[in-house]
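Novice: coordinates only, no sequence provided:
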């Protein structure tokens, strides 16, 4: 039995749609894996820096504590480094954006 041209064309369009969706999914997965790879690279770099220069880790911890204290004062949070358990109605301070580690690799 022969297929009608319209059903073959309909099936071909369905295959094209499936391929496009698969391509988008694969691109998203690749991007996620690339992001994970970058994070792992930074983690490895930070580990090397901390092992070769432990005082730098202490300085980063002090810097983080100072940042939390300043943020608490600016945002009006009680308790210094601890955040309020109950959210305020209107938060005037934006959430901090995660920055790369303070230990940046030398540029090439």
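Specialist: Received the coordinates, thanks. Fair warning: this is a prediction, and the values are worked out from it, not measured in the lab.

Novice: C-alpha from now on. contacts and neighbour counts both.
Specialist: Noted.

Novice: show me where this structure has its helices.
Specialist: With DSSP state H as the criterion, the chain has helices at 5-52, 54-75.

Novice: most tightly surrounded among these?
Specialist: A comparison of the helices of the chain by mean neighbour count, using mean count of other C-alpha atoms under 10 Å, puts helix 54-75 on top with a mean of 14.

Novice: who does it touch, helix- and strand-wise?
Specialist: helix 5-52 (3 or more C-alpha pairs under 8 Å, 6 or more residues apart in numbering; DSSP states H and E).

Novice: quick check: angle from the helix it packs on to helix 54-75?
Specialist: Per axes from the mean of the first three to the mean of the last three C-alpha atoms, to 10 degrees, the angle that helix 5-52 makes with helix 54-75 is 110 degrees.

Novice: which strands and helices sit next to helix 5-52?
Specialist: So helix 5-52, by 3+ C-alpha pairs under 8 Å, 6+ apart, packs with helix 54-75.

Novice: per-residue confidence averaged over the helix it packs on?
Specialist: The pLDDT scores in helix 54-75 average 89.

Novice: what of stretch 28-39?
Specialist: For stretch 28-39, mean pLDDT is 97.

Novice: going forward, begin numbering at 22 instead of 1
Specialist: From this message on, residue numbering opens at 22, which makes the last subject stretch 49-60.
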